[in-house]
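[1] pasting the sequence and the predicted coordinates here, then a few questions.
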Number of protein chains: 2
Amino acid sequence: MDTGDLKVFEAVARLGGMNRAAAELNTVQSNVTARIKALEAGLGCALFERHARGVTLTAAGRRLLPYADRIGRLLADARQAARDDGLPRGLLTVGSLETTAALRLTPLLARYAADNPDVDLVLRTGTTRELIGDVLEQRVDGAFVCGPVAHPELGEQVVFREELVVLAAPGVASLDAIWSVAEMRIVVLRAGCSYRQILETLLARRGIPVQRQLEFGTLEAIFGCVGAGLGITLLPRALIGDVCRAGRVSMHALPPADAMVDTVFIRRRDGFTSSALQAFLACAADGFAEAKAA
Amino acid sequence: MDTGDLKVFEAVARLGGMNRAAAELNTVQSNVTARIKALEAGLGCALFERHARGVTLTAAGRRLLPYADRIGRLLADARQAARDDGLPRGLLTVGSLETTAALRLTPLLARYAADNPDVDLVLRTGTTRELIGDVLEQRVDGAFVCGPVAHPELGEQVVFREELVVLAAPGVASLDAIWSVAEMRIVVLRAGCSYRQILETLLARRGIPVQRQLEFGTLEAIFGCVGAGLGITLLPRALIGDVCRAGRVSMHALPPADAMVDTVFIRRRDGFTSSALQAFLACAADGFAEAKAA
DNA sequence: GATTAGAATCGATATTATCGATCTGTTTTG
DNA sequence: CAAAACAGATCGATAATATCGATTCTAATC
């Protein structure tokens, strides 16, 4: 059983056919067949059932597949680990929620990029669920998501904790006034934003349907929209500044159980921590410690 | 980078020389040299420093080595996982403390062996420390040791919790009478027994030197020896039976903090759980649940 | 300076992987 | 129902590469 064999095996399993796998692997079908046969002979059991429209995994194949994946990933990690001489360089792919990226990460990313010119930094955004998958499948080295995650294969560290507050039009006196409305329009920074989900959950819990959502790319636009009474929004208190005191919007605190949200940085427990990632973690710890002190 | 290459790499690293590795791998030195060179070329960095008395790992080599081990183990797991069709068979190697094996495990092992005729059961004994190493290095599939272990790579489950009591000669009135002795002889079931270590720790904490230890293979012999005033011993209360009520020895409870000992079954968190091991766990859970009920 | 242990190198050989063509058995299509 | 299309198995030729054994080179040790 060889790493090459396992790669072939994985491709055949994923694509459901030897021809397709051969095409992907830039080789010919007879070759793929031969390697699978060799693998099966070495293991002493069949991995695929052959039929007219391709192949499907046998029970043994299904048991082997996750190992093939893990071994492949471990090999990639091993290569990286051996090459990594302690100086941050190469590719660093970090995931983040849209909102976190837009509102919190820019200074950090800018500083990291400036400090580490040899690192190619890639930012990938998605929902918490998607990003967890990305980290598990090693599509990103780590990600900022909405915590807690509590996944056995993931390590997480709280990066910052923030209080979410509801913003509404200036005239709104209290939360109760908001909850008593028959239906609600919400304003978000980006579609799929995690704050949107939280807000929708809060509204759903009180039986208030969300009529429509408005999406704006900047905080200022959101403030303007909310101030004009077009809807409500949910944002970290620290980001609101003085638009509230200026009377442009009204701010409403939530009960602590709903209000406090942790943003955590997750990464694979068993994955290799490259120098580039290590430097990133240090930079992040630094940056957010400053933010807290300020 | 290939699994064969990694095996060669591991052997060279462990033996500190290409000739020695070649001998172990049943091949010739030129071959080992060639594969290491290929591996280094593939990675783009040197893995060994060559000098007159063999080779030593470079920093890159040191980083790679743990991955080589892990990949090797994962490959072995993968092979097992693919072959394992759900029916317990093959080799099952279990570790245990001497004492646990002698006093608790025999009925369990007998039943397991009877229920699973296709499994070759191997029992390996050692101290908790040794057994932890055995489990980590995959020399055993799992082990009964003195808990708690709390190692990140190991999962543990408490198998039974027992109260240890001190046994002394019939005339001894209390623990204080024992602690006030100037020196003490202790009686144990086997050398290296974990109860011996606990007892020695207890004595050491009170500044009592252990003069000599007596070792006997059966509980009866220990009772006789202790009853004759030759020394004291430490044993689970459940194993003592009525020798105490019969007046042959005196029994002394310890403070709860010292008295309660957990026996836990440990195994690798990420390791493959074979059908044979799964059946063993079921058998153990069953057997010890009965023991508790009785 | 001779000896020794150990790694590098090299040419010959054996092994293995790859390729392209062909065969066999389905399923779909005309 | 026959033909075409599709998918895997098989096979012989060839290319690649792993292995071996002999030799060379180097740095310690005697």
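    Sure, I can see it.
[2] only C-alpha atoms for contact and neighbour calcs from this point on.
    Will do.
[3] which stretches of the stretch 151-294 of chain A aren't confidently modelled?
    Residues of the stretch 151-294 of chain A meeting the criterion pLDDT under 70: A:191-192, A:289-294.
[4] what residues sit buried inside the longest helix along chain A?
    In chain A, assigned by DSSP state H, the helix with the most residues is helix A:59-83. Judged by neighbour count (16 or more other CA atoms under 10 Å in any protein chain shown), helix A:59-83 contains these buried residues: A:59-65, A:67-68, A:70-75, A:77-83.
[5] which elements pack onto that helix?
    helix A:3-15, helix B:29-43, helix B:59-83 (3 or more CA pairs under 8 Å, 6 or more residues apart in numbering or on different chains; DSSP states H and E).
[6] how about the next helix or strand after the longest one: buried residues?
    With elements assigned by DSSP states H and E, the helix or strand that comes after helix B:59-83 is strand B:90-96. For strand B:90-96, a neighbour-count test (16+ other CA under 10 Å) marks B:90, B:92-96 as buried.
[7] and the pLDDT for the residue nearest to residue A:121 when sequence neighbours are not counted?
    Closest residue to residue A:121 apart from its sequence neighbours, by CA to CA, 6 or more residues apart in numbering or on different chains: residue A:92 at 5.0 Å. pLDDT, residue A:92: 95.
[8] ok, now how distant is residue A:162 from DNA strand C?
    In this view, residue A:162 and DNA strand C are 54 Å apart by CA to the nearest atom of the strand, to the nearest Å.
[9] now swap in residue A:80 and tell me
    23 Å.
[10] tell me the pLDDT at that residue?
    Model confidence at residue A:80 (pLDDT) stands at 92.
[11] so who does it touch?
    The contact partners of residue A:80, taken as CA atoms under 8 Å, 6 or more residues apart in numbering or on different chains, are A:272, A:274.
[12] now do the helices in chain A.
    Using DSSP H, helices in chain A cover A:3-15, A:18-24, A:29-43, A:59-83, A:98-100, A:106-115, A:128-136, A:175-179, A:194-205, A:219-227, A:256-259, A:275-293.
[13] can you put those helices in JSON lines and add distance to residue B:181?
    Formatted as JSON lines, those follow (distance: least, CA to CA, whole Å):
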{"stretch": "helix A:3-15", "distance to residue B:181": "65"}
{"stretch": "helix A:18-24", "distance to residue B:181": "78"}
{"stretch": "helix A:29-43", "distance to residue B:181": "64"}
{"stretch": "helix A:59-83", "distance to residue B:181": "58"}
{"stretch": "helix A:98-100", "distance to residue B:181": "68"}
{"stretch": "helix A:106-115", "distance to residue B:181": "67"}
{"stretch": "helix A:128-136", "distance to residue B:181": "61"}
{"stretch": "helix A:175-179", "distance to residue B:181": "74"}
{"stretch": "helix A:194-205", "distance to residue B:181": "68"}
{"stretch": "helix A:219-227", "distance to residue B:181": "78"}
{"stretch": "helix A:256-259", "distance to residue B:181": "60"}
{"stretch": "helix A:275-293", "distance to residue B:181": "57"}
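[14] out of those helices, which is closest to residue B:224?
    When these are compared for distance to residue B:224 using CA to CA, the nearest one is helix A:59-83, at 54.8 Å.
[15] does any part of the closest one sit near DNA strand D?
    No - shown here: helix A:59-83 not in contact with DNA strand D (CA under 7 Å from any atom of the strand), separated by at least 14.1 Å.
[16] which helices and strands does the longest strand belonging to chain A pack with?
    Ranked by residue count and defined by DSSP state E, the top strand of chain A is strand A:154-168. Applying 3+ CA pairs under 8 Å, 6+ apart, one finds that strand A:154-168 makes contact with helix A:219-227, strand A:233-236, strand A:250-253, helix A:256-259, strand A:260-268, helix A:275-293.
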